[in-house]
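Peer 1: Sequence unavailable; structure follows:
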């Protein structure tokens with residue numbers, strides 16, 4: 001598969017009309033080609049990305065996983081970039097949304113959205129790094145966006161500030177989750193548990209001049225695991241953000 005030239009900007013699968021169903025391929029397409037569809041290809045790609053990451057996920061590798069020839073995939077997906085956009089949107093479909101009819105406080109629903117987005121991205125560490133690479137306007141991403149907009153519409157914020165509020169929350173979640181996901185990957189790559197890896201890093205940082213062993217980035221709350229520490233920090237900072245939005249306004 002030839003790489004796109006710099007003079008040829010990458011187009012989004014969501015801005016390209018989907019071709020009509022083309023039916024079954026011929027016998028030369030591989031023994032499993034007749035049972036292929038885009039949904040099966042994307043679901044398999046997500047599993048492969050979870051297991052091996054983006055570097056190892058090629059159209060050829062995906063075809064081997066499906067038991068078909070690489071050319072069979074191009075009957076349904078134009079290229080790897082389109083596949084990545086489709087896979088990212090499939091992951092967005094896993095994000096649990098709050099029940100907007102339950103009568104919850106808007107802040108509770110926004111917290112739930114943020115926590116669910118974080119949880120889903122941690123489960124698919126490759127996905128968080130794709131958000132800066134691809135245009136996320138697929139149907140599942142739009143489902144999430146509509147819910148988030150409906151939640152913030154119930155806040156005391158003026159309408160012109162709704163977009164800014166959502167941007168502040170989800171840029172925070174994006175940054176927090178990006179670091180969290182990478183930290184977990186460091187641990188896996190080194191063959192250590194998150195807590196073992198933390199202890200090794202903390203021990204090294206504590207020896208640096210001017211750094212207190214119980215302060216800054218290596219602070220450990222007594223008796224808490226790394227996961228519990230992350231959850232505590234995530235929730236506390238999100239509370240600060242939401243409180244700041246409401247300063248001087250009726251909640």
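Peer 2: It's in. Small disclaimer: the values here were computed from a predicted structure and weren't measured. Numbers count the residues shown, from 1 in each chain.
Peer 1: Low-confidence stretches in the stretch 101-250 of the chain?
Peer 2: 187, 194, 197, 201-202, 206, 210-222, 248-250 (pLDDT under 70).
Peer 1: what about 90?
Peer 2: 125, 129-136, 179-230, 245-250 (pLDDT under 90).
Peer 1: Kindly report the domain assignment for this structure.
Peer 2: 32-92, 106-245 (automatic domain parsing).
Peer 1: and the shortest one, how far from the chain's centre?
Peer 2: It refers to domain 32-92. Distance of domain 32-92 from its chain centroid, counting by C-alpha atoms, centre = their mean, to the nearest Å, is 18 Å.
Peer 1: With respect to residue 15, which of the domains of the chain lies nearest?
Peer 2: domain 106-245 (7.4 Å; C-beta to C-beta). Backbone N, C-alpha and C define where each C-beta goes, glycine included.
Peer 1: That closest one: end-to-end distance?
Peer 2: Its first and final residues considered, domain 106-245 spans 12 Å by C-alpha to C-alpha, to the nearest Å.
Peer 1: do you know how far residue 183 is from residue 73?
Peer 2: Distance check for residue 183 against residue 73: by C-beta to C-beta, to the nearest Å, it reads 34 Å.
Peer 1: the more surrounded of those two?
Peer 2: More neighbours surround residue 73 than the other of residue 183 and residue 73, with 25 against 15 (other C-beta atoms under 10 Å).
Peer 1: Residue 139 versus the more buried one, what's the distance?
Peer 2: In terms of C-beta to C-beta, residue 73 sits 21 Å off from residue 139.
Peer 1: do the same with residue 117
Peer 2: In terms of C-beta to C-beta, residue 117 sits 17 Å off from residue 139.
Peer 1: out of the two, which sits in the busier spot?
Peer 2: residue 117 (21 against 10).
Peer 1: Correct me if wrong: that one contacts residue 94.
Peer 2: No. Applying C-beta atoms under 8 Å as the test, residue 117 and residue 94 come out as separate, 10.1 Å apart.
Peer 1: Strands along the stretch 1-150 of the chain, start to end?
Peer 2: Taking DSSP state E, counting those that start in this stretch to define them, one finds no strands in the stretch 1-150 of the chain.
Peer 1: May I have the residues that are in contact with residue 121?
Peer 2: 91, 127-128, 177, 181 (C-beta atoms under 8 Å, 6 or more residues apart in numbering).
Peer 1: Reformat these into a markdown table and put distance to residue 55 next to each item.
Peer 2: Supplementary listing: the contacts of residue 121 in a markdown table, determined by distance: C-beta to C-beta, whole Å:
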| residue | distance to residue 55 |
| --- | --- |
| 91 | 18 |
| 127 | 15 |
| 128 | 15 |
| 177 | 20 |
| 181 | 16 |
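Peer 1: Spit out the contact partners of the nearest residue to residue 141 once chain neighbours are set aside.
Peer 2: Counting by C-beta to C-beta, 6 or more residues apart in numbering, residue 141 lies nearest to residue 92, which is 4.6 Å off, once chain neighbours are set aside. Neighbour list for residue 92: 120, 136, 138, 140-141, 143-144 [criterion: C-beta under 8 Å, 6+ apart].
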